[in-house]
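>>> no sequence on this one, just coordinates:
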């Protein structure tokens, strides 16, 4: 019996993406050029950054006229008040604002530092990158474009790098997806001893994102990975399914 | 230029592990039997469960005489008071106790539901599996045993499946390791635009654990995976480096 194997393949050679670029085309061509062409059943993992760039979500800091609230926090933390303002405008709730850290709930429901607003690797000093407005929608567009051009049925996962409570360091997680179910329920299924498995619901979407993180090093300029061989559950899916409702969370 | 590729290979055919079993031998033989023998530079990923079994950390529930505190919570939640008692004895701090969930800090410093005490897949109705006492130490023993038998230098990561705040579902994370650094610091390094990357410290140990989760499905009885091709930073390392100090955490 063949052992289960999942391959995580970094896609090199994607040029610096500009607003309006056709990502599906760039990904397909880069994968072909490195002799790892896309295949049916692949999960195409893309960083939010490259999608944000293609969607024109890299914007001048001067678009954000800071409120006094943003100015005060910027002064306390030594940051750019326009950038704090951008974070607040991308947010619907401040979760923690302490020790120089601003953790908010984004419009999409994700809880992370700085609402995904980032000034690194955006191509200029006075620019910031914002998260895509509808990450699932961006993934669907990419999935559909790949299907149209190649006839291949693939899944798409968009990732960002989030910190987490209690643990140092960041990991890649899923903030958008298309073509797969993000969670896998074992409800009602028996374990190896015949006992019902309880409270067990792996999140393959986040495990795929983290796996892709292994080949998407920030400095290697690899914004895309192919996850091949993982038997994901096909379906429409949404990264919003991964967001725990506020009412049910124990760490508001 | 060859694209970066990481392979995640599930290791089948490891028998039901018993206390005292030689895990290094079982892993090596199973990997050979499926024609994916261990190689230098591999990360050998093992679930805590299989290590706990080998270390005799599967114990009778009757070892835990419940306190009134444990009885009260068991009564409120419909759980086994002995199991609640086991969770409390494995813990040093209750982080949240609400809505049927008991989230604690374990003796190792990990924050998770039920302190890693688990009654699934342990081989009997009145047994529970506890986390290894010293997960890093267990990984070092395994790494040393593999080195002795094969001459190969590998890293070892021990995983468990943790939930997380704000997101549904669980992912595999690292609770012990040997032979690699768990975190990768970009401090002082310039981004693609020449700006210093700030606050960026990926946690490859957790990304490796999550990646292994893709082939370690609970029901497939695959407690070991080989992560091959990832250029980890060799070094002694400890999963305790991933634990954020209490004083610095924003979600105590």
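All right, it came through fine. Treat the numbers as computed from the prediction; the structure is a model and nothing was measured.
>>> contacts for stretch A:65-83?
For stretch A:65-83, contacts defined as Cβ atoms under 8 Å, 6 or more residues apart in numbering or on different chains pick out A:61, A:62, A:64, A:84, A:85, A:88, A:97, A:100, A:102, A:117, A:119, A:128. Yep, even glycine has a C-beta here, placed from its N, CA and C like the rest.
>>> Show me which of those is closest to chain B.
In terms of Cβ to the nearest Cβ, no member of the contacts of stretch A:65-83 lies closer to chain B than residue A:119, at 7.1 Å.
>>> If you average the pLDDT over stretch A:89-107, what comes out?
Stretch A:89-107 shows a mean pLDDT of 96.
>>> gap between that stretch and the chain center?
With Cα atoms, centre = their mean, to the nearest Å as the basis, stretch A:89-107 stands 18 Å off its chain's centre.
>>> how long is that stretch end to end?
9 Å (Cα to Cα, to the nearest Å).
>>> likewise stretch A:126-136?
Start-to-end span of stretch A:126-136 (Cα to Cα) is 28 Å.
>>> Then stretch A:124-137?
Span of stretch A:124-137 from end to end, Cα to Cα: 27 Å.
>>> hmm, that stretch in reach of chain B?
Yes: legend: contact between stretch A:124-137 and chain B by Cβ under 8 Å from any Cβ of the partner chain is shown at A:124, A:125.
>>> re the thing from before, cross the contacts of stretch A:65-83 against helices and list the overlap.
The helices, defined by DSSP state H, take in A:84, A:85, A:88 from the contacts of stretch A:65-83.
>>> Make TSV from these and add distance to chain B and neighbour count to it.
As requested, those are exported to TSV (distance: Cβ to the nearest Cβ, whole Å; neighbours: other Cβ atoms under 10 Å in any protein chain shown):
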residue	distance to chain B	neighbour count
A:84	15	25
A:85	19	22
A:88	18	20
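>>> List the buried residues in stretch A:142-150.
For stretch A:142-150, burial by neighbour count (16 or more other Cβ atoms under 10 Å in any protein chain shown) applies to A:142, A:143, A:145, A:146.
>>> How about stretch A:60-69?
A:61, A:64, A:66.
>>> One more: stretch A:176-187?
A:176, A:177, A:178, A:179, A:180, A:181, A:182, A:183, A:184, A:186.
>>> check those residues against chain B, which are close?
Among the buried residues of stretch A:176-187, the ones lying near chain B by Cβ under 8 Å from any Cβ are A:182, A:183, A:184, A:186.
>>> Any chance of the residues you listed in JSON lines with pLDDT and secondary structure as columns?
Shown next, in JSON lines, are these (pLDDT from 0 to 100; DSSP: H, G, I helix; E, B strand; the rest coil):
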{"residue": "A:182", "pLDDT": "97", "secondary structure": "coil"}
{"residue": "A:183", "pLDDT": "95", "secondary structure": "coil"}
{"residue": "A:184", "pLDDT": "88", "secondary structure": "coil"}
{"residue": "A:186", "pLDDT": "72", "secondary structure": "coil"}
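>>> Taking the centroid of chain A, which residue is nearest it?
For chain A, the residue nearest the mean C-alpha position is residue A:159 (1.9 Å; Cα atoms, centre = their mean).
>>> doesn't it fall inside a strand?
Yes: per DSSP: H, G, I helix; E, B strand; the rest coil, residue A:159 lies within a strand segment.
>>> Now do it against chain B, distance only.
For residue A:159, the distance to chain B equals 11 Å [Cβ to the nearest Cβ, to the nearest Å].
>>> Hmm, residue A:44 and that residue touching each other?
No: if you go by Cβ atoms under 8 Å, residue A:159 and residue A:44 don't touch, sitting 11.1 Å apart.
>>> now, which of the contacts of stretch A:65-83 sits nearest residue B:225?
The nearest member of these to residue B:225, counting by Cβ to Cβ, is residue A:117 at 35.7 Å.
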